[in-house]
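Q: Predicted model and sequence below, questions to follow.
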Amino acid sequence: MKDIYDRLKLLGFTPAFVRSCILPDWWEDKLAEVPSNRQHAEALIARHLKIEAATLRDRKAPLKVRKLAPLKLKLRQGTSEDELQAARILGERLATIVDSSLETPASVGGLTASSIRERILGSGAKWVGFHELLDFCWSIGVPVVNLCRVPTGSKKPAGMAVWLGKLPIIVIASGRKHPAWHIFLIAHELGHIALGHLSQGEVSIDVKVVMDSDDRQEREANAFATELLSGDPDLSFSPSPRLTGQELARAAESIGEKLKIDPGFIALSYSRSRSFYAVAQVALRSLQSDADACELYSRAYTRLDSDGLTEDNRHVFECLTKAA
């Protein structure tokens, strides 16, 4: 397997990652001494990492990635497309696995930020929070999954919108633990889908969501997300006094109850307007100290048809999402 691992490292996939996430639990590298076992490993790597099988079989050939879907990429300074390739391949693979396990057709036509907000609040929700938004997306055929794990050293984007099969799928790759960081990303990617920024057969990647972006579609998706979460596309929180974390948490709870806005979103909006994230971190710990977004996503994965997943697809999905 050494020749495979050495060549995969050049594409950003470490041996440890391939052994734990791509090859089966029972795999040991010495098994590859038997040609049929090596062929099995090659087939799994080719399928899940989008590698051309012929280049895996030729032990001296550089590995070649199969043709990827058309990409809409919002790069940030200091990040190249090549640096994101591993995360992109894994995000697309997650989306393909999810798409193959669901029969519900997508229903995104005519969606607006205000109509989604009305539907969620009309169901009795206090505000549009993490669980409410996650459940809504899955209910309309826009699954949301969290790419928790990538190879060591790989760069992760903030979020992706992937529409390679019958469903547009949101892949969030943020390493942030608190769900408040994730709700704006989910709403932002949903905005790209609802506003028609993404066509079937395309992938959109946001390396980082920037509120003052000079890209028109990014500004539209930001406004969509802000209106969905708060009711006002131009909402911002910037009180004149600088608040402590505890003060911000109390203020966010009070305002959230009054305006039906998730307090975590308020805390982050305040800190973003003042570029003072340390205060927001303290406030978020106070608001929901035991929350872990990577675990919270897994509640929605019960919607997948686990019987319809092959053993290797289930292994890859559970490893990448830490759902197991």
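A: All right, it came through fine.
Q: Who are the packing partners of the worst-scoring helix or strand of the chain on mean pLDDT?
A: When the helices and strands of the chain are compared on mean pLDDT, DSSP states H and E, strand 71-74 comes out lowest with a mean of 73. Helices and strands touching strand 71-74, by 3 or more Cβ pairs under 8 Å, 6 or more residues apart in numbering; DSSP states H and E, are strand 202-206. C-beta coordinates here come from the backbone N, C-alpha and C atoms, glycine included.
Q: wait, what's in contact with the closest residue in space to Glu52 that isn't next to it in sequence?
A: Distances taken as Cβ to Cβ, 6 or more residues apart in numbering place Lys64 nearest to Glu52, at 4.5 Å, with adjacent residues excluded. Residues near Lys64 by Cβ atoms under 8 Å, 6 or more residues apart in numbering: Ile51, Glu52, Thr55.
Q: what pairs with the least confident helix or strand of the chain, and is each one parallel or antiparallel?
A: Taking DSSP bridges as the criterion, strand 71-74 forms sheet pairs with strand 202-206 (parallel).
Q: What are the contacting residues of the strand it pairs with?
A: With contact meaning Cβ under 8 Å, 6+ apart, strand 202-206 is reached by 68-74, 84, 88, 91-92, 157-164, 185, 188-189, 192, 197-198, 218.
Q: and if you look at stretch 271-289?
A: Applying Cβ under 8 Å, 6+ apart, the external contacts of stretch 271-289 come out as 178-180, 211, 236-238, 242-246, 248-249, 252-253, 263-264, 267-268, 270.
Q: Would you mind listing which of the residues you listed are buried?
A: Buried members of these, scored by 16 or more other Cβ atoms under 10 Å, are 178-180, 237, 243, 245, 248-249, 252-253, 263-264, 267-268, 270.
Q: Kindly confirm whether my reading is correct that Gly153 touches Gly12.
A: Yes. Using Cβ atoms under 8 Å, Gly153 is in contact with Gly12, at 7.2 Å.
Q: The closest residue to Ser123 other than its chain neighbours is in what secondary structure piece?
A: Nearest non-adjacent residue to Ser123, counting by Cβ to Cβ, 6+ apart: Glu132, 7.8 Å away. Assigned by DSSP states H and E, Glu132 belongs to helix 130-139.
Q: Okay, buried residues for that helix please.
A: Within helix 130-139, judged by 16+ other Cβ under 10 Å, the buried ones are Phe130, Glu132, Leu133, Leu134, Asp135, Phe136, Cys137, Trp138.
Q: if we look at it, which residues are touching it?
A: Contacts for helix 130-139 (Cβ under 8 Å, 6+ apart): 116, 119-120, 123, 125, 143-144, 170, 179-180, 182-183, 186-187, 190, 228, 262, 293, 296-297, 299-300, 303.
Q: Give me the subset of those residues that lies in helices.
A: Mapping the contacts of helix 130-139 onto helices (DSSP state H) picks out Ile116, Arg119, Ile120, Ala180, His182, Ile183, Ile186, Ala187, Leu190, Leu228, Ala293, Leu296.
Q: between Gly153 and Gly12, who's got more neighbours?
A: Per other Cβ atoms under 10 Å, whichever of Gly153 and Gly12 has more neighbours is Gly12, with 22 against 11.
Q: contacting residues for the more buried one?
A: Glu83, Gln85, Ala86, Pro151, Gly153, Ser154.
Q: could you dump those to a markdown table with secondary structure, distance to Arg314 and pLDDT?
A: Below are these laid out as a markdown table (DSSP: H, G, I helix; E, B strand; the rest coil; distance: Cβ to Cβ, whole Å; pLDDT from 0 to 100):
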| residue | secondary structure | distance to Arg314 | pLDDT |
| --- | --- | --- | --- |
| Glu83 | helix | 29 | 82 |
| Gln85 | helix | 25 | 90 |
| Ala86 | helix | 21 | 93 |
| Pro151 | coil | 20 | 93 |
| Gly153 | coil | 26 | 86 |
| Ser154 | coil | 23 | 87 |
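Q: Good, we can wrap up now.
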